[in-house]
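[1] What follows is a predicted structure for the sequence shown.
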Amino acid sequence: MAASVGGAMFLKAAEASGNIKDVDYVANLFKPVIQEVGSQNIIQVITNNGSNFKVAGGIIESIYPHIFWTPCVVHCLNLALKSIYEPSKNSPQFAECKWIADLVSSVQNIRNFIVNHSMVLSIFNTYSKLGLLRVAETRFALNIIMAKRMREVNDALEKMVMDSSWRMHLKWDGKSAIEIKVREVKISIVNDSWWADLEYLLDFTESIVEFLRLANTDALVLHLIYDMWDTMIEKVKSRIFGHEKQDLLTGQCNFFDVIHNILETRWNKSNNPLHCMAHSLVPKYYTEGWIGGGNDGVSRLSPHEDQEVFLNRNKCFKRLFSNQDDLQKVYIEYGAFSSGSGGDKFDIDGNTLGELVELSINEPELELMTFDEEFEESTTLGTEQPEEFQQGMMD
């Protein structure tokens, strides 16, 4: 798929089911498409985060220095969520996140038990107008979506297990495996602590899911990505510290340290110079209101005072402007813009900075996007499913 400020369009698909999707194969899929579109019209190539795609993206960057390989932000967020609610036993976060893994497993068991037993489902439907979602495995944040639906039907679930038909119609003998499952389901549903844990999970992951939703659209958000990561992490901290009754400035929380490390690791893997440059070209991020915290209370640094943004912005400028005279003009114009002395026209010898960089103030003129099917069934230049198509547009 190719996307620009004018929208997205399908370019081509590749049948890859009989091929090994190694680095060379992936890179050789990119090259002819880049030549067909015109390398001068492309700013970035977006893929998922597989190691083969990362190396292939590096090959493209070495051939075309002005084209950036960008890992899919939505995919990064989904992997971060998965690390939180499905931690491996050998992972450093397992001890702190085990309660989440147990909770998510319980949510899945309750949902599966109800929908797989017609009599139980009939009792549930008596009290609820909402169904229990069947979330596709490829859907982002699927376990969070399922947990949220559980909260929405809390009252119906409690009435279901208290209904006289709960036992009368099912005729439990007290010894079978299904009886054990029934008891487990009922114990969870009538347990206030279980619901409190569910509420806590949904509360501190809310900003992560919200970021994922904003990024997983066809809206132009490249210029917002850097700030959305920072804001999301600060909101997660606020929710966790509030729950643990810790002071935001002086408090310590091992659980947050683990969650922060997961999110920061994913951010470091997905952040690239293009995000920082786009962030630097948004006038709002230089205003006193935004720097002071605005509506969300998160204090920030302006782009020209942030060291990480500074370093990556310079990397981006150098790759986009190989001519030293043009590069010097860009530095001058950016300095005038960031100090507020240059207005908002970026006039350089009759051309705007946006024209020279081939970027608008917010977005690349054209992005080339490619995705690898999550379960390695096939590879396409574009998307495998209509739902998955939207993940690429977030960048």
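    On my side now, so go ahead.

[2] rest of the way, CA atoms for contacts and neighbours
    OK.

[3] Would you agree residue 55 falls within a helix?
    Yes. Under DSSP: H, G, I helix; E, B strand; the rest coil, residue 55 sits within a helix.

[4] ok, now how distant is the residue nearest to it when sequence neighbours are not counted from residue 76?
    Excluding the flanking residues, the one nearest residue 55 by C-alpha to C-alpha, 6 or more residues apart in numbering is residue 23, at 6.3 Å. Distance, residue 23 to residue 76, by C-alpha to C-alpha, to the nearest Å: 20 Å.

[5] between the two, who's got more neighbours?
    residue 76 (20 against 17; other C-alpha atoms under 10 Å).

[6] For the closest residue in space to residue 290 that isn't next to it in sequence, give me the pLDDT.
    In this structure, residue 290 finds its nearest non-sequential neighbour in residue 284, 6.9 Å apart by C-alpha to C-alpha, 6+ apart. pLDDT, residue 284: 89.

[7] can you check residue 32 too?
    Reported pLDDT for residue 32: 92.

[8] I'd like the distance between it and residue 53.
    16 Å.

[9] Who has more neighbours out of these two?
    It is residue 53, of residue 32 and residue 53, that has more neighbours when counted by other C-alpha under 10 Å, with 26 against 11.

[10] The more buried one touches residue 23, doesn't it?
    Yes. In this structure residue 53 lies within contact range of residue 23 using C-alpha atoms under 8 Å: 6.7 Å.

[11] ok, residue 161 touching residue 186?
    Yes. Counting by C-alpha under 8 Å, residue 186 is a contact partner of residue 161 at 6.2 Å.

[12] Of these two, which one has the most company?
    Comparing residue 161 with residue 186 by other C-alpha under 10 Å, the one with more neighbours is residue 161, at 21 against 16.

[13] Could you measure from the more buried one over to residue 31?
    Here the criterion is C-alpha to C-alpha. By it, residue 161 lies 59 Å from residue 31.

[14] buried ones in the host helix or strand of residue 25?
    Using DSSP states H and E, residue 25 sits in helix 23-37. Neighbour-count burial for helix 23-37 flags 23, 26-27, 29-30, 33-34 (criterion: 16 or more other C-alpha atoms under 10 Å).

[15] Show me what the top helix by length along the chain is packed against.
    Identified as the longest helix of the chain according to DSSP state H is helix 192-215. The helices and strands touching helix 192-215, judged by 3 or more C-alpha pairs under 8 Å, 6 or more residues apart in numbering; DSSP states H and E, are helix 73-85, helix 94-115, helix 142-152, helix 225-243.

[16] Mind doing that once more with 6 Å?
    helix 225-243 (3 or more C-alpha pairs under 6 Å, 6 or more residues apart in numbering; DSSP states H and E).

[17] Output the longest helix of the chain as PDB, nothing but the C-alphas.
    Coordinates of the C-alpha atoms in helix 192-215 are reproduced here as PDB (Å, rounded to 0.1, in the frame of the first residue of the first chain):
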ATOM      1  CA  ASP A 192     -15.100  -8.400  44.600                       C
ATOM      2  CA  SER A 193     -11.300  -8.700  44.500                       C
ATOM      3  CA  TRP A 194     -11.400 -10.300  41.000                       C
ATOM      4  CA  TRP A 195     -13.500  -7.400  39.700                       C
ATOM      5  CA  ALA A 196     -11.100  -4.900  41.400                       C
ATOM      6  CA  ASP A 197      -8.200  -6.400  39.700                       C
ATOM      7  CA  LEU A 198     -10.000  -6.300  36.400                       C
ATOM      8  CA  GLU A 199     -10.800  -2.600  36.900                       C
ATOM      9  CA  TYR A 200      -7.200  -1.900  37.700                       C
ATOM     10  CA  LEU A 201      -5.900  -3.600  34.600                       C
ATOM     11  CA  LEU A 202      -8.400  -1.700  32.400                       C
ATOM     12  CA  ASP A 203      -7.600   1.600  34.200                       C
ATOM     13  CA  PHE A 204      -3.800   1.600  33.700                       C
ATOM     14  CA  THR A 205      -3.900   0.200  30.200                       C
ATOM     15  CA  GLU A 206      -6.600   2.700  29.000                       C
ATOM     16  CA  SER A 207      -4.000   5.200  27.700                       C
ATOM     17  CA  ILE A 208      -2.100   2.400  25.900                       C
ATOM     18  CA  VAL A 209      -5.300   1.200  24.100                       C
ATOM     19  CA  GLU A 210      -6.300   4.800  23.400                       C
ATOM     20  CA  PHE A 211      -3.000   5.400  21.700                       C
ATOM     21  CA  LEU A 212      -3.300   2.200  19.800                       C
ATOM     22  CA  ARG A 213      -6.800   3.200  18.500                       C
ATOM     23  CA  LEU A 214      -5.600   6.700  17.500                       C
ATOM     24  CA  ALA A 215      -2.700   5.200  15.600                       C
END
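
[18] Contacts made by it with the rest, please.
    74, 232, 236, 239, 394 (C-alpha atoms under 6 Å, 6 or more residues apart in numbering).

[19] Could you identify the most distant pair in the residues you listed?
    239 and 394 (25.2 Å; C-alpha to C-alpha).
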